[in-house]
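Participant: show me how the following folds:
(one chain, ligands or ions: 1)
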Amino acid sequence: MTDMTKAEKAYDGDQIQVLEGLEAVRKRPGMYIGSTGPRGLHHLVYEIVDNAIDEALAGFCDKIDVRLLPGNVVYVSDNGRGIPVGVQHKTGLPAVTVVFTILHAGGKFGGGSYKVSGGLHGVGASVVNALSTWLEVEVVSEGTLYFQRFERGKAVTELENRGPAPEGRTRGTVVRFQADPEIFKETTVYEYDVLQKRLREQAFLNAGVNIQLTDQRPPEDRPESEQDREIPYANTYCYEGGVSSFVEYINTTKSADVIHPDVIHFAAAAEDGNSTAEIAMQYTDSYQEQILSFANNIHTTDGGTHEDGFKRSLTRVMNDYARKYNILKENDKNLSGEDVREGLTCIISVKLKEAQFEGQTKAKLGNTEISSLVSSLVYKNMMTYLEENPATARTIFDKALSASRAREAARKARDLARRKNALESTTLPGKLADCQSRDVEETEIYIVEGDSAGGSAKGGRDRKFQAILPLWGKMLNVEKARLDKVYSNEKLMPVVMALGTGIGEDFDLSKLRYGKIIIMADADVDGSHIRTLLLTFFFRFMRPLVEEGHVYLAQPPLFRITKGKRHYYAFSDPQRDQIMAELGSGYEIQRYKGLGEMDSEQLWETTMNPETRTMRRVEVEDAIEADEVFTVLMGDKVEPRRDFIMKRAKEANWDV
Ligand code: TSJ
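Facilitator: Sure thing, here's the model as predicted:
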């Protein structure tokens, strides 16, 4: 008869099919949204918001407004073109009705295909509809307002033309829905903070899109943890810097500090136009790596081909650069992937036409073609970046090299621990002059180089809480010694036994016998050497000692200036000059060549008395530097070793 009848017929016929489709969603919701717990509940919001983001990515909207309304209702709107309201040939239904009532082939968590972002067809909107007690959509298109309502997936009105849109509403889509408590039995209460995290992330991943989240719920509709907030509680997210802003954000919220000023950013599109890749990265002084990867704005928590391509390529480009510019010498081993990623914060975002998600949780990208796009992007651009930014390159390689050394040391420590050996002995070393207290809060051990200094220290100490361990025996043969010689070294073993913690894998900080470990050595080349050796040893085999701030360097004076009956001590050349200037004339100056030149009283007064001494707490940085020095000292090449010793000997840094 008329067109209308035709449409109705088509409507009836299709409705059966539609109902079947959405019934399947209600029967097995987990197949489509992962779970019916809080995760699945929040997923409903993401599904709707994703559709608005697609409109933004297509370039037709720049504002998305998400609201939590009373009664566990969610409101999402955008200022885009509006879901098309025209009747489709195939179904005889308005496109917007199809969006909400026809199940797209293959659920998100079902087998087979997967959601493809940027599609023309609100994939997932029908799933949200099926799992809602009710859902309403409003479309404003060409000045006209359209409306349709659904209940548990079924249209309860046709698409209504409601006439001219209100003032100011020129275009866009609004969706309101209420999750069905019959499906979400555990809870239908949204957590603002959970939505916020995801929406902020989406704002980062889609540069320039403005996303607003507002809580308009009365307290009784909010979760326990969000009771006290003023309403409306609102946040707006919009980042022109996109993934670079994401990296900046992560690094400012971390406790670690960035080690170079700029976020490194690359982007590329595949030649066939089917995919794009974007990467932002910046190193921090943390020991952890933080790589977040996304495919079509979905967080791929299990990584996949894009992340693999990135890692492979970063390791390669860093090693190639290091070889080319002689940062790694011929005999040096390559930096490992872990080495070049230590402290790295990185966002990898790829977009592809046919994303393939794999694994138990469907959170791993499987598309093999993306791996080569990402790896060539990283290789070319990172090589150029390093060449154009040598200062940043230097900083990054310093970090990677120290990571490499630390890992090598850890490996050796493990080998050592497996071998056990002398460490099993529990006796205290014979030369240790122990203190009376066993309270690590107050105890200190002075590790002293040389017998005569050891004698002065024993005489000068407060035996209640200060222990003295003189080191004896010959120095390591720096020509040949490697670390495996170090730990069977007669000089170091007494230290290990006195401290009581064990080393390497067996290290146990709770067994530490002294709260402060104070290295007291002469201000000369030999003293510098023993400090380096001990610090390196602690760093490599007892790292928590350094990290937890237990290790100190005693600061004995370099000069004694006497005027009349008064003595003045200077700990550096400038300080000496200052004292001399203040005293004017008629003073006597003595340079201490070694600790042994001080008697017990002087040593106590200047270096050991907690009331008057100055000590330097060893930072991890100091230990890393010592480790570096040590590596050079223990190496096979004579030249750098000599240079290093001379340079260090001159430095008033921790050589004082
Ligand atoms: F999820 C959803 F479907 F319910 C939904 C879709 C929810 C929200 C808040 C917004 C949207 C949405 C869809 N916003 N904008 C669009 N755009 C389209 O659907 C659209 C418009 C025009 C054309 C065209 O080719 O002219 C194509 C599309 C896909």
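
Participant: next, the residue nearest to Gln555 when sequence neighbours are not counted: phi, psi?
Facilitator: Nearest in space to Gln555, with sequence neighbours left out and distances taken as Cβ to Cβ, 6 or more residues apart in numbering, is Thr614 at 4.9 Å. In short, each C-beta sits where N, CA and C put it, glycine included. Note on Thr614: its backbone torsions stand at phi -120, psi 140 [degrees, to the nearest 10].

Participant: now do Val73
Facilitator: Per degrees, to the nearest 10, the backbone of Val73 is at phi -100, psi 140.

Participant: from memory it sits against Val175, does it?
Facilitator: No - Val73 sits out of contact with Val175 when judged by Cβ atoms under 8 Å, with a separation of 10.7 Å.

Participant: which of those two has more neighbours?
Facilitator: The residue with more neighbours, out of Val73 and Val175, is Val175; 26 against 22, by other Cβ atoms under 10 Å.

Participant: against Tyr552, how distant is the residue nearest to Gln555?
Facilitator: Noted for Thr614: a distance of 10 Å to Tyr552, by Cβ to Cβ, to the nearest Å.

Participant: so between the two, which is more surrounded?
Facilitator: Tyr552 (18 against 12).

Participant: quick one: name whatever helix or strand follows the helix or strand hosting that one.
Facilitator: Assessed by DSSP states H and E, Tyr552 sits inside strand 551-554. Downstream of strand 551-554, the next assigned helix or strand under DSSP H and E is strand 559-563.

Participant: now do the same end-to-end measure for stretch 87-96.
Facilitator: In stretch 87-96, first residue to last residue: 9 Å (Cα to Cα, to the nearest Å).

Participant: try stretch 75-90
Facilitator: Using Cα to Cα, first and last residues of stretch 75-90 are 30 Å apart.

Participant: ok now that stretch, how far from the chain's centre?
Facilitator: 40 Å (Cα atoms, centre = their mean, to the nearest Å).

Participant: show me the contact partners of that stretch.
Facilitator: Stretch 75-90 is contacted by residues 7, 45, 48-49, 52, 55-56, 60-69, 93-96, 98-99, 122, 137, 139-141, 146, 159, 171-176 when judged by Cβ atoms under 8 Å, 6 or more residues apart in numbering.

Participant: the same query, at a cut-off of 6 Å, please.
Facilitator: 48-49, 52, 55, 60-61, 63-67, 69, 94-96, 99, 139-141, 146, 171-176 (Cβ atoms under 6 Å, 6 or more residues apart in numbering).

Participant: give me the subset of the residues you listed that lies in helices.
Facilitator: In helices, judged by DSSP state H, the following of the contacts of stretch 75-90 are found: Ile48, Val49, Ala52, Glu55, Ala95, Val96, Val99.

Participant: any stretches of the protein with poor pLDDT?
Facilitator: Regions of the chain meeting the criterion pLDDT under 70 cover residues 1-20, 105-123, 413-426, 473-489, 625-656.

Participant: show me which residues of it are close to the ligand?
Facilitator: 48, 51-52, 55, 76-78, 80-81, 83-84, 99, 120, 122, 125, 173, 175 (Cβ under 6 Å from any ligand atom).

Participant: now list the buried members of these.
Facilitator: Buried members of the residues of the chain next to the ligand, scored by 16 or more other Cβ atoms under 10 Å, are 48, 51-52, 55, 76-78, 80-81, 83, 99, 122, 125, 173, 175.

Participant: the residue nearest to Gln555 and Ala554 touch, don't they?
Facilitator: No - Thr614 is beyond contact range of Ala554, at 9.0 Å (criterion: Cβ atoms under 6 Å).

Participant: the residue of the stretch 251-400 of the chain found nearest the ligand: what's it in contact with?
Facilitator: The minimum distance from the stretch 251-400 of the chain to the ligand, using Cβ to the nearest ligand atom, falls at Asn297 (14.3 Å). Applying Cβ under 6 Å, 6+ apart to Asn297 gives the contacts Leu205.

Participant: phi, psi of it?
Facilitator: phi 70, psi 10.

Participant: how about Phe246: what's its closest non-neighbour residue?
Facilitator: Phe204 (3.7 Å).

Participant: distance from the host helix or strand of Ala391 to the middle of the chain?
Facilitator: According to DSSP H and E, Ala391 maps onto helix 390-419. Distance of helix 390-419 from its chain centroid, counting by Cα atoms, centre = their mean, is 18 Å.

Participant: continuing past it, what's the next helix or strand?
Facilitator: strand 444-449.

Participant: what's that next one in contact with?
Facilitator: Counting by Cβ under 6 Å, 6+ apart, 454, 457, 466-471, 514, 516-521, 530 sit against strand 444-449.

Participant: now, among the residues you listed, which is nearest to Thr214?
Facilitator: Lys516 (54.4 Å; Cβ to Cβ).

Participant: got the residue ranges for the strands in the stretch 151-300 of the chain?
Facilitator: Counting by DSSP state E, counting those that start in this stretch, the stretch 151-300 of the chain has strands at residues 154-155, 160-164, 172-179, 210-215, 233-237, 264-269, 275-283, 290-295, 298-299.

Participant: what's the answer for the stretch 1-150 of the chain, then?
Facilitator: Going by DSSP E, counting those that start in this stretch, the stretch 1-150 of the chain shows strands at 63-69, 73-78, 132-141, 144-151.

Participant: wait, Cys61 sits on Asn51?
Facilitator: No - using Cβ under 6 Å, Cys61 makes no contact with Asn51, being 10.8 Å away.

Participant: burial of the closest residue to Val25 other than its chain neighbours, as a residue count?
Facilitator: Distances taken as Cβ to Cβ, 6+ apart put Ala130 closest to Val25, at 4.0 Å, once the chain neighbours are dropped. Ala130 has 29 neighbours, counted by other Cβ under 10 Å.
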